[in-house]
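Student: Got a predicted structure plus its sequence, pasted below:
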Amino acid sequence: MNEEGGLYNMAEPMEQPNYVLQFKEGTYVSKHESILKNIVTILLIAYALIYIFLYFVFGKSVTKEIPFSVWICVVAGVIYRISVGGVVMKPYPSELWFYDDYMVHCRVITYYSKNNVRKEYYKFYYKDVRQLLFRTPLYKVEIHGVTEATFYKYNKDGTLNSVPQQNITCDAHSSFYTMFNPEIDFAKVFETHTPLKIEYQDA
């Protein structure tokens with residue numbers, strides 16, 4: 001057991017892991033989030049759809065009918081959207097729970113947007129793992145195989161919804177970036193606590 005304790009009681013209330021590894025998982029998030037950014041994005045998409053529709057209905061002549069001021073607004077919107085675009089890598093808490101026959105990758109916080117923050121569990125039986133891959137240049141670990149995935153959504157007040165947003169079993173993969181944990185030898189952790197062997201890929 002990890003001395004700091006884990007968050008495994010929610011997903012596995014009846015069974016204690018043999019070992020829990022807590023670490024910081026690198027996650028790509030948007031550099032800028034604002035209501036204005038969302039409004040501009042929606043308006044640009046709406047304009048593009050309307051323009052395409054009118055172009056097919058009226059042909060090239062529709063371009064001449066659009067006021068110059070509208071084109072100025074569109075160009076300004078595109079420039080603004082590009083300037084606030086892009087993503088940045090940030091560390092978020094994550095855990096790996098190791099049992100006799102399976103392991104669980106627990107993303108304590110998975111940030112998609114301000115209104116979509118989840119806690120995610122990916123359960124893999126060792127027998128169902130096809131590949132355990134470490135992409136060296138990217139500092140990325142990938143677990144490929146059949147997984148049971150369970151997602152809980154965080155409420156606006158920061159509490160966790162007790163009812164899963166989704167629970168599925170599928171052939172997929174779970175992955176995480178390790179650059180925020182240079183002190184952890186993930187290959188050694190997997191090979192010590194599972195029967196799996198990690199593969200390395202320079203891509």
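Tutor: Yes, it's here.

Student: pLDDT on stretch 160-167, on average?
Tutor: Per-residue pLDDT over stretch 160-167 has a mean of 88.

Student: Alpha carbons only: can I get that stretch in PDB?
Tutor: Taking Å, rounded to 0.1, in the frame of the first residue of the first chain, the C-alpha atoms of stretch 160-167 are listed here in PDB:
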ATOM      1  CA  LEU A 160     -18.000  14.400  -7.300                       C
ATOM      2  CA  ASN A 161     -21.200  13.100  -8.600                       C
ATOM      3  CA  SER A 162     -22.000   9.700  -7.000                       C
ATOM      4  CA  VAL A 163     -23.600   8.300 -10.200                       C
ATOM      5  CA  PRO A 164     -21.300   7.400 -13.000                       C
ATOM      6  CA  GLN A 165     -21.700   9.500 -16.100                       C
ATOM      7  CA  GLN A 166     -20.700   6.500 -18.200                       C
ATOM      8  CA  ASN A 167     -19.600   2.900 -17.800                       C
END
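
Student: Could you list the residues in contact with that stretch?
Tutor: The contact list for stretch 160-167, computed with C-beta atoms under 8 Å, 6 or more residues apart in numbering, reads 10, 118-119, 148-155. In short, each C-beta sits where N, CA and C put it, glycine included.

Student: Identify each buried residue in it, please.
Tutor: By 16 or more other C-beta atoms under 10 Å, the buried positions in stretch 160-167 come out as residue 164.

Student: Quickly check the contacts of stretch 160-167 for the two that are furthest apart.
Tutor: Spatially, the most separated pair among the contacts of stretch 160-167 is 148 and 155, at 23.8 Å (C-beta to C-beta).

Student: So for these two, which sits in the more crowded spot?
Tutor: More crowded of residue 148 and residue 155, by other C-beta atoms under 10 Å: residue 148, with 17 against 9.
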